[in-house]
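K.L.:
Structure, please.
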Amino acid sequence: MAEAVELATPADKLFTLTHNAPVLDAPNHWGKKVFEVHQGHAVHVVGVALSYMKIKMSSGLEGYIPSSALE
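P.N.:
Reported below is the predicted structural model:
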């Protein structure tokens, strides 16, 4: 079986959320919600995939949030 292709373009920026956002395990609307980040929290964006941002939390958790959740 072929490995999944990494779709995210690398990035390294901090953003503050403008509203609560679900964090998904995949960069699409079929992705499973793994946790939620709340408005006002800063997130470390490590990649960009279509209309989603790949984030990494200080706890080490990673996932994708909609680009619309960022300032």
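K.L.:
Show the pLDDT at the residue nearest in space to the middle of the chain.
P.N.:
In the chain, the C-alpha nearest the mean C-alpha coordinate belongs to Tyr64, at 2.5 Å (C-alpha atoms, centre = their mean). Note on Tyr64: pLDDT of 95.
K.L.:
go on, Val46?
P.N.:
In this prediction Val46 is given a pLDDT of 95.
K.L.:
do Leu14 as well
P.N.:
So Leu14 comes in at 90 (pLDDT).
K.L.:
Kindly report the same for Trp30.
P.N.:
pLDDT at Trp30 comes out at 93.
K.L.:
Roughly how far does it sit from Tyr52?
P.N.:
Using C-beta to C-beta, to the nearest Å, Trp30 is found at 12 Å from Tyr52. C-betas here are computed from N, CA, C, even on glycine.
K.L.:
Looking only at neighbour counts, state which of the two leads.
P.N.:
Tyr52 (23 against 8; other C-beta atoms under 10 Å).
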